[in-house]
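Enquirer: Next one to model:
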Amino acid sequence: MPVEAESETKTGAVRLGLCVFDIERGELTRDGEPVRLTSQEESLLRALAQNAGGTLSRETLIRESRVGSNERAVDVQVTRLRRKIETNPRMPRYLQTVRGEGYVLRPD
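Expert: Numbers count the residues shown, from 1 in each chain. All right, here's what the predicted structure looks like:
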């Protein structure tokens with residue numbers, strides 16, 4: 001990832017196809033229209049966006065977000081987020097599983 005894009009992702013916004021997530025505000029839009037996020041979804045997406053391109057373990061996501069206290073809760077929230085940001089949630093382009101490691105957000 002280019003240096004300027006990396007610094008932008010820490011506090012700016014990440015583009016996920018038709019969606020844009022404003023990290024600072026915790027707001028997701030699709031084609032300019034707001035997409036409602038629960039507080040758990042928002043905190044999980046923020047943690048992933050702040051570390052875009054890097055794999056985060058479920059344990060790290062539990063620690064850095066308000067998802068809950070077990071790994072299954074992370075999986076459930078990832079599934080819900082995929083329904084909101086992916087064109088095809090069964091074949092995710094942006095929010096990917098890294099087998100045996102965790103999850104990675106790969107913005108445009």
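Enquirer: and Gly53, that one's in a helix?
Expert: No. Using DSSP: H, G, I helix; E, B strand; the rest coil, the assignment for Gly53 is coil, not a helix.
Enquirer: pLDDT value on Thr55, please?
Expert: On pLDDT, Thr55 comes in at 98.
Enquirer: wait, I meant Ser69
Expert: pLDDT, Ser69: 87.
Enquirer: Please identify the helix or strand for the residue lying closest to it once chain neighbours are set aside.
Expert: Sequence neighbours aside, Ile62 is the residue nearest to Ser69 in space, at 6.4 Å (criterion: C-beta to C-beta, 6 or more residues apart in numbering). Where C-beta positions appear, they are placed from N, C-alpha and C, glycine not excepted. Take DSSP states H and E as the rule and Ile62 turns out to sit in helix 58-64.
Enquirer: tell me what that helix is packed against?
Expert: Helices and strands touching helix 58-64, as assessed by 3 or more C-beta pairs under 8 Å, 6 or more residues apart in numbering; DSSP states H and E, comprise helix 39-50, helix 71-85, strand 102-105.
Enquirer: quick one on the thing from earlier: neighbours of the residue nearest to Ser69, just the number please.
Expert: Counted by other C-beta atoms under 10 Å, the residues lying close to Ile62 total 19.
Enquirer: Check the one 10 residues further on too.
Expert: Using other C-beta under 10 Å as the criterion, Arg72 is surrounded by 10 other residues.
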